[in-house]
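K.L.:
need the 3D shape of this:
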Amino acid sequence: NGFRYIPDSMLKNTTGLEEIVIPETVSYIGYRAFYNCDSLVTVKIPKSVKTIYNEAFAECLCLKNVQFSEGLQKMYTGSFENCDSIEKIILPISLVDMEQQYPYTGAFDKCDRLEVAIFKNGAKKIPARLLRGTPNLKEVTIPGSVTEIGEEAFADTCLVQVNGAAGSVAQKRGKNGRKI
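P.N.:
Numbering: from 1, shown residues only. Okay, the predicted model is just below:
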């Protein structure tokens, strides 16, 4: 249990793995570490994890429950790409950066069932392109504490409802007719 990180492709294409509880000693999850784990349903990410690299959980078609702890600061493009069973995510306050490795791809790109994203109260920034390419994203909750919404954070979605505080950045951008 002394893992300091999850190596690239460590459990890529593993079958029969339904739940992953990342140890508290892990600081990052590598490229394609759990790529295409076909039975994976639940992932618990502890506060020790600061970074999730490209496609770490991509193509995990059964992945439905992702529990982020405070501590996660950065995600890379395609971290959860094509995880079609995720319907709702609650993102940590600590998440402030989205590394764009591939053009026009977000961390949750092609997560076709993802409809609701909630940013916790206390969040200051929504990273650029974070939820880009989630085609059925309909509802986002953005707390009044958010002072910056990154470029194309919600591009290529069908966003219809933004829940935000009066006078918030989200409300101001929406009133000016600009895309959130």
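
K.L.:
hey, let's count contacts and neighbours off CA atoms from now on
P.N.:
Noted.

K.L.:
for this protein, just list every one of the strands.
P.N.:
Assignment of strands within the chain using DSSP state E yields the ranges 19-21, 28-29, 42-45, 51-52, 65-68, 74-76, 88-91, 97-99, 116-119, 125-126, 139-142, 148-149, 161-164.

K.L.:
and these, which one is worst for confidence?
P.N.:
Averaged per stretch, pLDDT over these is lowest on strand 161-164, reaching a mean of 83.

K.L.:
neighbouring strands for that one, and are they parallel or not?
P.N.:
Strand partners for strand 161-164, identified by DSSP bridges, are recorded as strand 139-142 (parallel).

K.L.:
contacts for the strand it pairs with next, please.
P.N.:
Contact partners of strand 139-142, identified using Cα atoms under 8 Å, 6 or more residues apart in numbering, comprise 115-121, 159-165, 170.

K.L.:
out of the strands of the chain, nearest to Tyr5?
P.N.:
With Cα to Cα as the measure, strand 28-29 is the member of the strands of the chain nearest Tyr5 (5.1 Å).

K.L.:
now list the buried members of the contacts of strand 139-142.
P.N.:
When burial is judged by neighbour count using 16 or more other Cα atoms under 10 Å, the buried members of the contacts of strand 139-142 are Glu115, Val116, Ala117, Ile118, Phe119, Lys120, Leu159, Val162, Gly164, Ala170.

K.L.:
from the residues you listed, which is closest to Pro46?
P.N.:
Closest to Pro46, out of all of those and judged by Cα to Cα, is Lys120, at 16.5 Å.
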